[in-house]
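Peer 1: Kindly generate the corresponding structure for this input.
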Amino acid sequence: MENGFLKVAVSSPDLKVADCQYNKEQLVKKTIEMDKESVKLLVFPELSLTGYTCGDLFLQDTLLRGAKEALFAFAQETKQTEIVAVLGMPLEHKGKLYNVAVVVDHGSIRGVVPKTFLPNYGEFYEARQFSAGFGEIEWHTFENGEMVPFGSNQIFADYMREQLCFGVEICEDLWMPNPPSTKLVSANALIVVNLSASNELIGKSQYRRELVRNQSARAICAYLYADAGEGESTTDMVYAGHNMIAENGIFLAESKPFSDDKDLITEIDLEKLQNERRRMGTFFQRPQGEKYPPVLKNGCQFGKDEEVELTRIYVTTPFVPDDPAYRKERCREIMNIQSNGLAKRLRHIGCRHAVIGLSGGLDSTLALVVTVCAFELLQLPREGIICVTMPCFGTTDRTYDNALKMAKELGTTLREIPIKEAVLEHFENIGQDKDKHDITYENSQARERTQILMDIANQVNGLVIGTGDMSELALGWATYNGDHMSMYGVNCSVPKTLVRYLVQFFADVCGNDNLKEILYDVMDTPISPELLPPQDGEIAQKTEDIVGPYELHDFFLYYMLRFGFSPKKIFRLAVYAFEFDYDYDKETIFHWLSIFCHRFFRQQYKRSCLPDGPKVGTVSLSPRGDLRMPSDVSDALWQAELDSIRDSLV
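Peer 2: Below you'll find the predicted structure:
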């Protein structure tokens, strides 16, 4: 459970209809196998001790007795494992027959959950044999004298670790408008398990998949779906073992229908789910006067606490979709948000001009194409976009030429204003040595450029468009009252790793081969503020050599702000994610994580007075909404964790 991870599994073992002894042996075998994989929670399909397709045989004493004997045998034969297992069977309770899930661990039966909603349509006639379950908790006494809670209103939690808490629903329960899992997660269950026997029909697998994905998202939970498969009767229906494990709307593992491998093993992140519920203040709210029946918190044992070996996928660029088609659609959506936000602001203040400092770098290029799109929305002539290039000490021919050509190809108005002499005069006025390449040398150029942009905006009654991105803001990599300031920052919630793909998207759809060539060259240009003199005509000041690789910083930023993870957990995930794709060892990752935390906490004062700008994703640094943080907050707790990581690396 270190860092909140729990190893879980779902399985659809080979079964024989009505052969309880054989089925028990398969479930025991699978449980022992999963225990060797350090699985702590294992879910089997609906009625897995008997098979789902027994029909009226469920009314036979012989089958019901055989199922009970198989249950007791399963409990004893898995007693030495560290697994909490959930299996299905028919069970008679107070003269009625129920389709139930039984929770077993360490040889004990912890509770019985009856199916709430029984299908009685089409090919399903469960109401012919079974009674519908109920919420109120009663007690069921087995033949061996063991008394256990019986009812759907119960959740199962580890005695010592409260966050290890799950609820149970059975197949059709999920299909209903108000599934039982809704009340279970409201009682703080972080995991929902579903024992299912869902037959295959054309298109049903996709519908089933969306049900699981959506319920895990609405309930902010992990959803473990175990489906009946091989061995069920095919008299009228076919079962395909469509198993799924989803976490807050994201599939961690899935076995396709009719695939050979019906076992899914992965880790769910309970800490992430807890943090997400805490962040989403509406999660535990209910309409006034609405109450759910009491939910019994039942105890169970998940086994000893141990570090979970990670096998799930963590992409190195969490802000950028892996799938090219989805990434293209995401880029289109983001640019629509940016351009419509800017269009609204221009329309509101009656502004027909926009002013952009165009450097030939990625950020200003994205700001320019967004502005072009906004002008198209407003049907304004592109000549109203004033592109200002302001070469100085660090400007290279490559970025200078790209800026000029880009402005021309897009049909904007270009103004070239060299600032070298103005900055040198400023140095003389304040007593700054022009050969001393310190922070004053650099920031004076940035502030001179901002002053020019603001004054030109006054001349044309226009709006200065900000170019800085979210990654720079997180690191404080912006000159206060320089490039830090604008009248509307269109890139303010776009991370650096995503900027390149947005520019590429525009290049690919613009329909202008000359412009596309320019934009692709911009994408290949090293990231730099170009504030220091070039070396042999090439960029001398590369941002990532100074503040660190943006793919690492964006990874840190995502997991720190989106899920509230601690430095230790972020470090562990980064080491795991970047192990194969990048040549970053643990020491390198730790170094840049330390830099990130240091800069993030000490640069909040720059973010406290940011200009307006559109939020495009779930992470934003706006001081008016997503990040309300004091500018002088202490980072002592975070630093203490970093120190412990450093000690472990020695």
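Peer 1: any idea how far the lowest-mean-pLDDT helix or strand in the chain is from the chain center?
Peer 2: Sorting the helices and strands of the chain by mean pLDDT, DSSP states H and E puts helix 543-546 at the bottom, at a mean of 76. Here helix 543-546 is found 28 Å from its chain centre; the criterion is C-alpha atoms, centre = their mean, to the nearest Å.
Peer 1: buried set for it?
Peer 2: 543-544 (16 or more other C-beta atoms under 10 Å). To be clear about C-beta, it is placed using only N, CA and C from the backbone, and glycine gets the same treatment.
Peer 1: and the next element down the chain from that helix?
Peer 2: Using DSSP states H and E, the helix or strand that follows helix 543-546 in sequence is helix 550-557.
Peer 1: The helix or strand just after that following helix: which residues count as buried?
Peer 2: Downstream of helix 550-557, the first helix or strand assigned by DSSP H and E is helix 567-581. Using 16+ other C-beta under 10 Å as the test for burial, helix 567-581 gives 567, 569-575, 577-578.
Peer 1: Stretch 85-93 now?
Peer 2: Neighbour-count burial for stretch 85-93, counted by 16+ other C-beta under 10 Å, picks out 85-91, 93.
Peer 1: Mind checking which of the residues you listed land in strands?
Peer 2: Counted as lying in strands by DSSP state E, out of the buried residues of stretch 85-93, are 85-91, 93.
Peer 1: just for this structure, where's the confidence low?
Peer 2: Scanning the chain for pLDDT under 70 picks out 1, 122-124, 283-293, 529-531, 536-542, 581.
Peer 1: What are the contacting residues of the helix or strand containing Asn429?
Peer 2: Here Asn429 sits within helix 420-430, counting by DSSP H and E. Contact with helix 420-430 is made by 391-393, 432-434, 440-441, 444-445, 448, as judged by C-beta atoms under 8 Å, 6 or more residues apart in numbering.
Peer 1: Just the ones in helices from those residues, please.
Peer 2: The helices, defined by DSSP state H, take in 440-441, 444-445, 448 from these.
Peer 1: now the residues you listed in TSV, with neighbour count and distance to Met160?
Peer 2: Shown next, in TSV, are these (neighbours: other C-beta atoms under 10 Å; distance: C-beta to C-beta, whole Å):
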residue	neighbour count	distance to Met160
Thr440	13	58
Tyr441	18	59
Ser444	22	60
Gln445	26	59
Glu448	19	62
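Peer 1: which among these gets closest to Ser359?
Peer 2: Gln445 (11.2 Å; C-beta to C-beta).
Peer 1: from what I can see that closest one touches Thr395, true?
Peer 2: No - distance between Gln445 and Thr395: 9.7 Å, which falls outside the contact criterion (C-beta atoms under 8 Å).
Peer 1: In TSV: the buried residues of helix 567-581, plus distance to Gln535.
Peer 2: As requested, these are exported to TSV (distance: C-beta to C-beta, whole Å):
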residue	distance to Gln535
Pro567	36
Lys569	40
Ile570	35
Phe571	35
Arg572	39
Leu573	37
Ala574	32
Val575	34
Ala577	34
Phe578	30
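Peer 1: where along the stretch 251-400 of the chain do the strands fall?
Peer 2: Taking DSSP state E, counting those that start in this stretch as the test, the strands found in the stretch 251-400 of the chain are 263-269, 296-300, 354-357, 385-389.
Peer 1: Please state the offset of stretch 574-594 from the chain centre?
Peer 2: With C-alpha atoms, centre = their mean, you get 20 Å for stretch 574-594.
Peer 1: Quick check: end-to-end length of it?
Peer 2: The first and last residues of stretch 574-594 sit 13 Å apart, counting by C-alpha to C-alpha, to the nearest Å.
Peer 1: what comes into contact with it?
Peer 2: In contact with stretch 574-594 (C-beta under 8 Å, 6+ apart) are residues 310, 314-316, 548-549, 551-553, 555-556, 567, 570-571, 642, 645-646, 649.
Peer 1: Just the buried subset of these, please.
Peer 2: Buried among those by 16+ other C-beta under 10 Å: 310, 316, 548-549, 551-553, 555-556, 567, 570-571, 642, 645.
Peer 1: Select, from those, the two members most distant in space.
Peer 2: The distance between the two most remote of the buried ones among the contacts of stretch 574-594 (C-beta to C-beta) is 23.7 Å, for Leu310 and Gly548.
Peer 1: if we can go back for a sec, quick check, nearest of the ones in helices among the contacts of helix 420-430 to Thr525?
Peer 2: Of all the ones in helices among the contacts of helix 420-430, the one with the least separation from Thr525 (C-beta to C-beta) is Gln445, at 18.6 Å.
Peer 1: Okay, buried residues for the longest helix along the chain please.
Peer 2: Secondary structure of the chain per DSSP H: the longest helix is helix 324-349. For helix 324-349, the neighbour count (16+ other C-beta under 10 Å) marks 327-328, 330-331, 334-335, 337-339, 341-343, 345-346 as buried.
Peer 1: Please produce TSV containing the residues you listed, extended by distance to Ile191.
Peer 2: Below are the buried residues of helix 324-349 laid out as TSV (distance: C-beta to C-beta, whole Å):
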residue	distance to Ile191
Arg327	31
Lys328	35
Arg330	29
Cys331	35
Ile334	33
Met335	38
Ile337	34
Gln338	38
Ser339	42
Gly341	39
Leu342	43
Ala343	45
Arg345	45
Leu346	49
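Peer 1: Which strands or helices does the strand or helix carrying Tyr207 pack on?
Peer 2: Following DSSP H and E, one finds Tyr207 within helix 204-218. Where contact means 3 or more C-beta pairs under 8 Å, 6 or more residues apart in numbering; DSSP states H and E, helix 204-218 is packed against strand 191-196, strand 222-227, strand 244-247, strand 250-254.
Peer 1: Other residues contacting that helix?
Peer 2: Here helix 204-218 makes contact (C-beta under 8 Å, 6+ apart) with 174-175, 179, 181, 192, 194, 198, 221-223, 225, 240, 242, 244, 246-251, 254, 256-257.
Peer 1: Any of those residues buried? List them.
Peer 2: Neighbour-count burial (16+ other C-beta under 10 Å) applied to the contacts of helix 204-218 gives 174, 179, 181, 192, 194, 198, 221-223, 225, 240, 242, 244, 246-248, 254, 257.
Peer 1: close enough to count as contact, Gly303 and Glu82?
Peer 2: Yes - using C-beta under 8 Å, Gly303 is in contact with Glu82, at 2.8 Å.
Peer 1: list residues touching both of those two?
Peer 2: Common contacts of Gly303 and Glu82, defined by C-beta under 8 Å, 6+ apart, comprise Lys40.
Peer 1: more neighbours, the two?
Peer 2: Gly303 (20 against 17; other C-beta atoms under 10 Å).
Peer 1: and that one, what are its phi and psi?
Peer 2: phi 90, psi -180 (degrees, to the nearest 10).
Peer 1: From Lys7, how far out is it?
Peer 2: As judged by C-beta to C-beta, to the nearest Å, Gly303 and Lys7 stand 10 Å apart.
Peer 1: Determine the residues that are contacts of both of the two.
Peer 2: Counting by C-beta under 8 Å, 6+ apart, the contacts common to Gly303 and Lys7 are Lys40.
Peer 1: so who does Glu376 touch?
Peer 2: The neighbourhood of Glu376, defined by C-beta under 8 Å, 6+ apart, consists of Ser339.
Peer 1: got it, and Val619?
Peer 2: Applying C-beta under 8 Å, 6+ apart to Val619 gives the contacts 319, 470, 493, 495, 557-558, 561-562, 626.
Peer 1: again, only this time at 10 Å
Peer 2: Taking C-beta atoms under 10 Å, 6 or more residues apart in numbering, we find Val619 in contact with 318-319, 470, 474, 493, 495, 554, 557-563, 626-627.
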